[in-house]
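S.K.: with the sequence up front, the predicted model follows.
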Amino acid sequence: MTTIRIPTPLRAYTGGMKEVAVEGKNVGSALEDLAQLHPSVKPHLFDDLGALRSYVNLFLNDEDIRNLQSHETPITETDRLMIVPSIAGGLKNTKE
Amino acid sequence: MKLRISAELFRRIAQHGETSYPHEGAGVLFGSVHNKWIEVEDLMTLPNTFDERQRHRRYMIDAQGMMEAELAAEGLDLEVVGIFHSHPDHPAQPSKYDLEHSIPWYAYIITSIDAGEAHNSRAWHLQEDREAFMEIELFIAQSEV
């Protein structure tokens, strides 16, 4: 089974697990399996239309899947997927 | 929640805000969480990858930077427990933009930098419902002699 590493903010939705073993032939099916195993994590990964949220990034063995075949990227049992949030912020807007 | 950080790490956060001025500077806090205490044990400064024309009022730690931070924390047997960033010539409190873009669970340390010098730092925590930030008590631990 492929391992998915869960970032700290999402561990509350995976029963505190740092890593979850999932089944799937590609990145997309592995994510679907994660959402099935831990349904409460799903809204934090996907929007209402089922698309991956903009601040959620996926790395397969340290390589951004956007540089591979995105959700269609094939995976094997020895692979490790990492869910990584991107972070942004800043000052108040001029209208605030 | 309460956050404890050493005086040395606290100084590094202030220095990063000062050297990044007039841009926002940012980085990641490593540590652990026990019984409502966030213990910061190390940190990593990271490039502000927001569009350069907006870096005086915006910061971004991109996916590559966060991935490197996650691996560094793992190598130290620590967790990513929060984010720090500076507010050049603005108070150390979260903006609406921070509210819209922050992630619950992480601790956020914001440092105000006035005319290039660190003024003060405050720590915050975004509520689970994303409605508001709650202030975290910040404890600066002096090193033992």
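M.R.: Thanks, I have the structure now. None of the values given here were measured: they were computed from a predicted structure.
S.K.: for the rest of this, base every contact and every neighbour count on C-alpha atoms.
M.R.: Fine.
S.K.: residue boundaries of the helices in the chain?
M.R.: Since no chain was named, I'll use chain A. A:27-37, A:42-45 (DSSP state H).
S.K.: think we crossed wires, I meant chain B
M.R.: Using DSSP H, helices in chain B cover B:7-20, B:63-75, B:96-101.
S.K.: got the CA positions of the shortest one in PDB?
M.R.: So that's helix B:96-101. This file holds the C-alpha atoms of helix B:96-101, laid out as PDB (Å, rounded to 0.1, in the frame of the first residue of the first chain):
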ATOM      1  CA  LYS B  96      -8.600  40.300   6.800                       C
ATOM      2  CA  TYR B  97      -6.200  38.800   4.200                       C
ATOM      3  CA  ASP B  98      -4.500  36.800   6.900                       C
ATOM      4  CA  LEU B  99      -8.000  35.600   8.000                       C
ATOM      5  CA  GLU B 100      -8.900  34.500   4.500                       C
ATOM      6  CA  HIS B 101      -5.600  32.700   3.800                       C
END
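S.K.: that helix - contacts with which helices or strands?
M.R.: For helix B:96-101, the contact count by 3 or more CA pairs under 8 Å, 6 or more residues apart in numbering or on different chains; DSSP states H and E identifies strand A:87-90 as packing neighbours.
S.K.: pull the residues that contact the strand it packs on.
M.R.: A:55, B:24, B:57-63, B:66, B:87, B:94-95, B:97-99, B:101-102 (CA atoms under 8 Å, 6 or more residues apart in numbering or on different chains).
S.K.: now stretch A:3-11, how far from the centre of its chain.
M.R.: Centroid separation between stretch A:3-11 and its chain, computed with CA atoms, centre = their mean, to the nearest Å, is 8 Å.
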